[in-house]
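*Asks:* Compute the structure for the input listed below.
(2 chains)
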Amino acid sequence: KAGVTQTPRYLIKTRGQQVTLSCSPISGHRSVSWYQQTPGQGLQFLFEYFSETQRNKGNFPGRFSGRQFSNSRSEMNVSTLELGDSALYLCASSGTNEKLFFGSGTQLSVL
Amino acid sequence: AQSVAQPEDQVNVAEGNPLTVKCTYSVSGNPYLFWYVQYPNRGLQFLLKYITGDNLVKGSYGFEAEFNKSQTSFHLKKPSALVSDSALYFCAVIGHGAGSYQLTFGKGTKLSVIP
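*Replies:* Numbers count the residues shown, from 1 in each chain, chains lettered A, B, ... in the order given. Prediction:
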């Protein structure tokens, strides 16, 4: 069974630009969550989607948004990038229980 | 609000010795507790979880964790450390009845196993 796939693996953007990250969950998983990982703040929850509906949202500004498609694939978008948005963005999927499977992440660098 | 504390930023242990990585939590209701491990430039890998039942939980790669409700702790242990266990370890919690799979993570503990 294929794992959680995140693309791209690395991204370099400049301040003010926007970016879209993609996540393909494990086949059959309907829940997709996004986390931001930075050396200073650690792992922080961004949002969770379940069957195309946002089920929960973390404490991030409105520049961070996401969506989930009918095939459970998910995207997150960050608009008007700031230097502080540089981070590893992790996607996780879950099936019928609370065990999360993580992808390898997208490393975003904002210059 | 739920929270997790990992009091040690780094733990050093000699190969073959037992290891312990500490975690305490704060949550309303009964907690769902997890340990994840992260290797360099990789995502997180699930090690084990506690939902209910036996306080000693066995997981992947020979790791186990002991749930202590009175001390609100969930320490990760392994009887004999391997150099390959060197990685970043995260404790996490989901509040019972949260209605979603939102994990709150500790800051992480870097484990170094010295040959």
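
*Asks:* hang on, isn't B:Leu56 packed against B:Glu64?
*Replies:* Yes. Contact criterion Cβ atoms under 8 Å: B:Leu56 and B:Glu64 qualify, at 6.1 Å. Bear in mind the C-beta positions are built from the backbone N, C-alpha and C, glycine included.

*Asks:* of those two, who's got more company?
*Replies:* Taking other Cβ atoms under 10 Å in any protein chain shown, B:Leu56 and B:Glu64 do not tie; B:Glu64 has more neighbours (16 against 11).

*Asks:* The more buried one is in contact with B:Phe74, isn't it?
*Replies:* No. Taking contacts as Cβ under 8 Å, B:Glu64 lies outside contact range of B:Phe74: 11.0 Å.

*Asks:* partners of A:Gly42 in the sheet?
*Replies:* Judged by DSSP bridges, the bridge partners of A:Gly42 are A:Thr38.

*Asks:* again with A:Tyr89
*Replies:* Applying DSSP bridges, one finds that A:Tyr89 bridges with A:Gln36, A:Thr106.

*Asks:* That one and B:Thr24, how far apart?
*Replies:* Distance of A:Tyr89 to B:Thr24, computed by Cβ to Cβ, to the nearest Å: 28 Å.

*Asks:* now swap in A:Leu21 and tell me
*Replies:* Noted for A:Leu21: a distance of 33 Å to B:Thr24, by Cβ to Cβ.

*Asks:* can you pull the contacts of the residue nearest the centre of chain A?
*Replies:* The residue lying closest to the centre of chain A (Cα atoms, centre = their mean) is A:Trp34, at 3.6 Å. Counting by Cβ atoms under 8 Å, 6 or more residues apart in numbering or on different chains, A:Trp34 touches A:23, A:45-48, A:66, A:74, A:76, A:89-92.
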